[in-house]
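# whatever this is, show me its structure:
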Amino acid sequence: MEQRIAYIDLAKGICISLVVLWHVFGDLSVNFDIIQIMFFFRMPLYFILSGLFFKTYGGMSFFIKKKTNKLIIPFLFTFVFITVPSILFMDKENGINTSIDCFYEEKGRLTLGLVPSSWFLVCLFIVNFYFYCLFQLSKSHIRMISLFCVLLGILGYIMNVLDLYFPLWFDTSLTVMPFFLCGYLTRNYSNILYKNFTKEQFVIFTLSLFGLLFTYYILEHRQLVSIYFFHNNYGVKIISLYLGGISGSYCILLFSKFFRHIPILSYIGRYSIVVLLTHQPILFFIRNTFYQLGVSQAGIFINSLIFLMILLLSVPIIWFCVKYLPYCFAQKDIWK
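Residues are numbered from 1 along each chain as shown. Here you go, the predicted model:
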């Protein structure tokens with residue numbers, strides 16, 4: 001078993017925290033430049049981190065087994081025990097029978113009615129499959145792989161412009177291929193994973209931060225950042241999508257490498273899939289409790305409190321899920 005890389009856990013912890021932050025603040029985020037800037041890289045960071053650890057596992061069948069255990073099994077667990085009951089509960093509360101409609105968007109895109117997080121597991125499975133196919137068809141020729149990843153990314157963005165889509169997230173999976181590629185190249189063509197933080201990496205961090213700020217303040221002129229990978233919908237320039245996403249991701253990656261470990265953040269990063277799949281029900285429970293108590297949830301203070309509560313509650317939930325539901329949260333393999 002490979003030894004864990006401490007700062008990768010921290011980077012994953014920051015990444016999942018940004019996802020939670022966005023789901024907590026929602027429309028309130030338009031009032032804060034810092035949250036708008038984070039919008040550029042909160043999802044690209046996930047794909048880059050995934051690309052860092054891409055492996056072929058020696059063959060298609062073993063590769064599919066591995067990715068099914070790590071991504072599809074947790075997705076199915078969430079779908080059966082969270083998504084479907086939630087849809088049925090909402091229909092019962094509203095006195096209507098529209099469950100089937102919840103599985104589609106307005107334009108007819110099949111989404112399976114997923115909570116706004118578990119879709120990522122399906123998307124990441126597709127991305128891995130795309131990259132595996134490119135890897136095998138190109139006979140591991142990195143220039144060919146890189147060229148096709150960039151072209152697929154452009155194709156995915158063009159589909160957004162033309163308002164075209166594929167069912168599920170086959171279109172989003174095209175758009176994010178350049179991010180996944182960046183992760184793969186970083187691991188295989190640099191020493192960033194294992195070498196200590198260096199002056200050269202500080203320079204890269206500084207340039208990445210400049211690229212991120214340049215994207216938001218110059219290319220997008222501080223306009224509302226509209227980037228929705230769930231819908232493959234992007235209200236920013238294509239250069240902003242990729243420059244902002246890559247620059248911000250490397251800022252977080254190198255920031256994490258410098259600090260290496262931060263309690264709680266590193267812990268939830270190690271088990272980020274648990275937080276990804278459980279933070280929405282926790283958020284619903286907290287908001288509903290506050291609503292019943294008559295607590296206003298419109299201000300920055302109360303939403304910051306909710307955000308911190310979710311992170312803290314995630315600690316015991318992780319412990320429970322890892323101990324008693326390891327097969328459901330990618331800690332042990334079902335398909336061997």
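
# break down the stretch 201-336 of the chain into its helices, ranges please.
238-259, 265-270, 272-292, 300-324 (DSSP state H, counting those that start in this stretch).

# what's the least confident stretch among the ones you listed?
Lowest mean pLDDT within the helices of the stretch 201-336 of the chain: helix 272-292, at a mean of 90.

# what is the burial count for residue 174?
Residues within reach of residue 174, counting by other Cβ atoms under 10 Å, total 25. All C-beta atoms are positioned from the backbone trio N, CA, C, and that covers glycine.

# so the closest residue in space to it that isn't next to it in sequence, which of the three states?
Leaving aside its chain neighbours, residue 174 sits nearest to residue 156 (3.3 Å; criterion: Cβ to Cβ, 6 or more residues apart in numbering). Assigned with DSSP: H, G, I helix; E, B strand; the rest coil, residue 156 falls in the helix class.

# now do residue 156 against residue 22, distance only.
Noted for residue 156: a distance of 21 Å to residue 22, by Cβ to Cβ, to the nearest Å.

# compare neighbour counts for those two and give me the winner.
Legend: neighbour count by other Cβ under 10 Å for residue 156 and residue 22, higher for residue 156 (23 against 17).

# and the more buried one, what is it in contact with?
171-177, 232 (Cβ atoms under 8 Å, 6 or more residues apart in numbering).

# quick one: residues contacting residue 298.
residue 28.

# I'd like to know how far it sits from residue 311.
21 Å.

# repeat that for residue 249.
Distance from residue 249 to residue 311, by Cβ to Cβ: 21 Å.

# residue 72 looks like it's in a helix, true?
Yes: the assignment for residue 72 is a helix, going by three-state DSSP.

# contacts only, for it.
121-122, 125.

# please redo it, this time with the cut-off set to 10 Å
Residues in contact with residue 72 (Cβ atoms under 10 Å, 6 or more residues apart in numbering) are 64, 79, 121-122, 125, 330, 334-335.

# how about residue 16?
42, 45-46, 117, 265, 268-269, 271-276, 279, 311, 314.

# returning to what we had before: who's more crowded, residue 249 and residue 311?
More neighbours surround residue 249 than the other of residue 249 and residue 311, with 28 against 20 (other Cβ under 10 Å).
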